[in-house]
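J.: coords please:
(one chain, ligands or ions: 1)
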Amino acid sequence: MFRVIKRFFRKGEFDCDDVADHSSAYLDNDLKEAKRSAFQAHLSKCGPCQAFVGTLSATIGALSRLPGVNAPSALKQSLLDRMHREN
Ligand SMILES: [Zn+2]
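T.: Okay, the predicted model is just below:
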C-alpha cells in the first residue's frame, strides 16, 4: 500500500525497484513510450542500475542463444541485490 502511494507521488518517475521490475520488458522492447523514457531517465543517473541492466542484458543475450531457456527472475533479483550491496 505504501508503495502505491509512494509511486503516486513520484508522478511516473522510476526508482531502482521499478527498474528491476521493468528491466525484462525494457530489454524485450516491451515498454510503452512513457515508461521507456522514465526507465531511461533513471538509468542515465543511476550507476548501479546501468550495471544491472547491462549485466542482465548480457545474461539474457547469452541464455537466449540456448534453446528453451529463460532468465529466471531469481537470477535477476540476485543480480540486483548484489549491485546494491556493492554500492
Ligand atoms: Zn537505480
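
J.: Tell me the residues of the chain that contact the ion?
T.: 16, 46, 49 (C-beta under 5 Å from the ion). All C-beta atoms are positioned from the backbone trio N, CA, C, and that covers glycine.

J.: name the helices or strands packed onto the longest helix seen in the chain?
T.: Secondary structure of the chain read by DSSP state H shows that its longest helix is helix 47-64. When contacts are defined as 3 or more C-beta pairs under 8 Å, 6 or more residues apart in numbering; DSSP states H and E, helix 47-64 packs onto helix 16-27, helix 33-45, helix 73-86.

J.: burial of residue 67, as a residue count?
T.: Using other C-beta atoms under 10 Å, residue 67 has 5 other residues around it.

J.: mind checking how far it is from residue 31?
T.: 26 Å (C-beta to C-beta, to the nearest Å).

J.: what does residue 84 give?
T.: 22 Å.

J.: Which one's more surrounded, those two?
T.: Neighbour tally, residue 84 and residue 31, criterion other C-beta under 10 Å: the higher count belongs to residue 31, 18 against 13.

J.: secondary structure class for that one?
T.: What DSSP: H, G, I helix; E, B strand; the rest coil gives for residue 31 is coil.

J.: roughly how far is stretch 37-49 from the heart of the chain?
T.: Computed by C-alpha atoms, centre = their mean, to the nearest Å, the chain-centroid distance of stretch 37-49 equals 9 Å.

J.: residues of the longest helix of the chain that come out buried?
T.: 48, 49, 51, 52, 53, 56, 60 (16 or more other C-beta atoms under 10 Å).

J.: Output the below-cut-off pLDDT ranges for this protein.
T.: The model of the chain has pLDDT under 70 over residues 1-11, 68-74, 86-87.

J.: I'm done for today, thanks for sticking with me.
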